[in-house]
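A.B. asks: Just to be clear, the model below is a prediction. Sequence and coordinates:
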2 protein chains.
Amino acid sequence: MHYQLFYWTGIQGRGEFVRLALEDAAAGYEDVAREQGDDVIVQYLDGVHDGPLPFAPPFLKAGRLLIAQTANILHYLGPPLALVPQSESRRWYAHQLQLTIADVVAEVHDAHHPIAGSLYYEDQRIEARRRATALRETRLPKYLDYFEQVLERGGRQHALHEYSYVDLSLFQLMSGLEYAFPWAMRRIGRQLPLLHALQQRVAQRPHIAEYLASPRRLPFNESGIFRHYPELDDPAGAG
Amino acid sequence: MHYQLFYWTGIQGRGEFVRLALEDAAAGYEDVAREQGDDVIVQYLDGVHDGPLPFAPPFLKAGRLLIAQTANILHYLGPPLALVPQSESRRWYAHQLQLTIADVVAEVHDAHHPIAGSLYYEDQRIEARRRATALRETRLPKYLDYFEQVLERGGRQHALHEYSYVDLSLFQLMSGLEYAFPWAMRRIGRQLPLLHALQQRVAQRPHIAEYLASPRRLPFNESGIFRHYPELDDPAGAG
């Protein structure tokens, strides 16, 4: 199967969770907007094409199927890319974990955009400081401790006792958080040995290492979800 | 199959999307915390039980399966409850739509809790007014117009050309929004004839009508997701 991935150019964003799965599996795929520009996405959102109407990218075309929502795409790709266990119960669990990762990602986004995605960061900086503090102090420790427990239960090496797209997404989550909140993650990360070890193992997988070194892997930046605004992190040197 | 639904007592919350599906299908289910108290949920979250670790309710037990995340539960229940089309492509689309509904629900929650769910509303009222304005002016029209288009494409009666759990969830979304933002929804709702008609048809389905009239249907209240704080709505009489 040849896949077409549709996601905004210029950022990793939510598309990156899908991209990592396609890259790890060495699947044949086209990153359509990077070749044709973002307008090709807008046409789908505007309903120019028949069939399912996506609300937002990422979405994936696979033959005649069009699938939107990051976690849904991974749930679809898991079996053909051999990135999810065979067991039905583990597939439901994999998807639940991916949806919980999606929830963290939404909260991370809202830390720099607590009022509205349509307003500039500069117009919600004061609120962002309050929200980012709650994120760093309460939410991130809660979510990351949860995923650490998931790894503990999953045999310490994987979320699901064997390798899956959830491991890839946990790598991306940890990498993004370390970029955005280096000081907070230094503090919180002390309690997360299994997540750190997983992150390193994923980075060393041959196809992932190759991808991360390629120009296809964009650097994190301040237009994406994981943004490094020092005033939203723990004070430098703290902890 | 006998199902066990786990969700916090005292509110409709996210559990209501699952409850509506179970009620509509006249499925046998136990609303466990309503019988045993919220502690039974906390035990699962604390990892007392083996198997998948849920991050938050709702979660569902079906035989030996434990499934968490609202949209995941509905994706699972759709086929056995005959609440999703047979076609694979429509099932992926149903799930995408449900995940988009979940996104709206999260944004509605954050309108009254823009800084942190762990803080009282009273401690984030100023920020809530700003965020709710953006929600009413930009986000709700965008989301609801999207779902109106989905109905238009789905043959005007249903999201997916035939009845599904997505229709039930759109009913719940519209009902909650009308409770929380009666003035804004009067304004926005003028452009949503298909959503309104769907909402009324769902309310008249025999099992749903019976459920809505029963004590099992809790009223909306200010501990749930859809909260009526007049200062977060359009000014009374506006529009």
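C.D. replies: Yep, that arrived. Keep in mind that this is a model prediction, so the values were computed, not measured.
A.B. asks: can we go C-alpha only for contacts and neighbour counts from here?
C.D. replies: Noted.
A.B. asks: What helix or strand is A:Trp92 located in?
C.D. replies: Using DSSP states H and E, A:Trp92 sits within helix A:88-112.
A.B. asks: what is the rounded mean pLDDT of that helix?
C.D. replies: The pLDDT scores in helix A:88-112 average 97.
A.B. asks: Give me the packing partners of it, helices and strands only.
C.D. replies: Other helices and strands packing on helix A:88-112, by 3 or more CA pairs under 8 Å, 6 or more residues apart in numbering or on different chains; DSSP states H and E, are helix A:70-77, helix A:125-134, helix A:165-180, strand B:65-68, helix B:70-77.
A.B. asks: Give me the contacts around stretch A:34-41.
C.D. replies: A:6-9, A:32-33, A:57 (CA atoms under 8 Å, 6 or more residues apart in numbering or on different chains).
A.B. asks: Equivalent analysis for stretch A:84-101, please.
C.D. replies: By CA under 8 Å, 6+ apart, stretch A:84-101 touches A:71-72, A:75, A:78-79, A:160, A:162-166, A:169-170, A:173, B:52, B:55, B:65, B:67-69, B:72.
A.B. asks: so what's A:Asp145 closest to, chain neighbours aside?
C.D. replies: Excluding its sequence neighbours, the residue lying closest to A:Asp145 (CA to CA, 6 or more residues apart in numbering or on different chains) is A:Leu192, at 7.1 Å.
A.B. asks: So which residues on chain A come close to chain B?
C.D. replies: A:52-53, A:55, A:65, A:67-69, A:72, A:89, A:92-93, A:95-96, A:99-100, A:114-116, A:127, A:130-131, A:134-135, A:146, A:150 (CA under 8 Å from any CA of the partner chain).
A.B. asks: switch the cut-off to 7 Å
C.D. replies: A:52-53, A:65, A:67-69, A:72, A:89, A:92-93, A:96, A:114-116, A:130-131, A:134, A:150 (CA under 7 Å from any CA of the partner chain).
A.B. asks: what about the residue nearest the centre of chain A, helix or strand, and which?
C.D. replies: Centroid check for chain A by CA atoms, centre = their mean gives A:Phe17 as the closest residue, at 4.4 Å. Using DSSP H and E, A:Phe17 sits within helix A:15-24.
A.B. asks: quick one: average pLDDT of that helix?
C.D. replies: Rounded mean pLDDT across helix A:15-24 is 98.
A.B. asks: and that helix, what other elements does it pack with?
C.D. replies: Where contact means 3 or more CA pairs under 7 Å, 6 or more residues apart in numbering or on different chains; DSSP states H and E, helix A:15-24 is packed against helix A:165-180, helix A:206-212.
A.B. asks: Just the endpoints, please. Distance across stretch A:197-212?
C.D. replies: 18 Å (CA to CA, to the nearest Å).
A.B. asks: So which bits of it are buried?
C.D. replies: Buried residues in stretch A:197-212, counted by 16 or more other CA atoms under 10 Å in any protein chain shown: A:198-199, A:202-203, A:207-208, A:211-212.
A.B. asks: quick one on the thing from earlier: ok, the residue nearest to the centre of chain A to chain B distance?
C.D. replies: 16 Å (CA to the nearest CA, to the nearest Å).
A.B. asks: And for A:Leu170?
C.D. replies: From A:Leu170 to chain B the distance is 15 Å (CA to the nearest CA).
A.B. asks: Neighbours of that residue, how many?
C.D. replies: Neighbourhood size, A:Leu170 [other CA atoms under 10 Å in any protein chain shown]: 24.
A.B. asks: next one: A:Gly189
C.D. replies: So A:Gly189, with other CA under 10 Å, has 19 neighbours.
A.B. asks: try A:Leu168
C.D. replies: 23.
A.B. asks: Equivalent analysis for A:Asp110, please.
C.D. replies: 22.
A.B. asks: ok, it - contacts?
C.D. replies: If a contact means CA atoms under 7 Å, 6 or more residues apart in numbering or on different chains, then A:Asp110 has no contacts.
A.B. asks: Go through the helices and strands packed on helix A:88-112 and name the closest to B:Lys142.
C.D. replies: helix A:70-77 (19.7 Å; CA to CA).
A.B. asks: ok, and what's touching the closest one?
C.D. replies: So helix A:70-77 is in contact with A:14, A:18, A:58, A:60, A:67, A:95, A:98-99, B:96, going by CA under 7 Å, 6+ apart.
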